[in-house]
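Enquirer: okay, sequence plus prediction incoming.
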Amino acid sequence: NAVGNHASIYAPKSALGHSIGAVGALESLITVLSIRDGVVPPTLNLEHQDPEIDLDVVKGEPRRQEIEFAINNSFGFGGHNVALAFGRA
């Protein structure tokens, strides 16, 4: 059980909007900085999470925690999608 019950989740597009072709690079940079600094940024403007969706979405305030591994899923227009896994060196 590597991540406990649920991995922490945040949605960077809530802060950045859609950055078209740069989405993968920007979200990857945020993910690497999160691992380095031990901070999961909050998902902005999330006030009412559906209680039926059992996910650990970080909202309101950044969360400090040790992060060993993280996955960045980026979904761009036109089916340009990528998933990258990062880990502490």
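Expert: Received the coordinates, thanks.
Enquirer: what ranges do the helices span in the protein?
Expert: Secondary structure of the chain (DSSP state H): helices located at 13-16, 23-37.
Enquirer: looking at the ones you listed, which one has the lowest mean pLDDT?
Expert: Of all those, mean pLDDT reaches its minimum on helix 13-16 (a mean of 83).
Enquirer: tally of neighbours for residue 18?
Expert: 10 (other C-beta atoms under 10 Å). In short, each C-beta sits where N, CA and C put it, glycine included.
Enquirer: in contact with it, which residues?
Expert: By C-beta atoms under 8 Å, 6 or more residues apart in numbering, residue 18 lies in contact with residue 77.
Enquirer: give me phi/psi at the residue minimising distance to the centre of the chain?
Expert: Of all residues in the chain, the one closest to the mean position by C-alpha atoms, centre = their mean is residue 10, 3.9 Å from it. Residue 10 adopts backbone torsions of phi -140, psi 160, taken as degrees, to the nearest 10.
Enquirer: related to what we said a few turns ago, can you lay out the helices of the chain as TSV showing mean neighbour count?
Expert: Shown next, in TSV, are these (neighbours: other C-beta atoms under 10 Å):
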stretch	mean neighbour count
helix 13-16	14
helix 23-37	16
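Enquirer: need the CA coordinates for the helix or strand of the chain with the lowest mean pLDDT. PDB is fine.
Expert: Every helix and strand of the chain was ranked by mean pLDDT, DSSP states H and E. The lowest is helix 13-16, at a mean of 83. Output in PDB follows, covering the C-alpha atoms of helix 13-16 (Å, rounded to 0.1, in the frame of the first residue of the first chain):
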ATOM      1  CA  LYS A  13      -5.400  23.900 -14.500                       C
ATOM      2  CA  SER A  14      -7.500  25.500 -11.700                       C
ATOM      3  CA  ALA A  15      -4.600  28.000 -11.300                       C
ATOM      4  CA  LEU A  16      -3.000  28.100 -14.700                       C
END
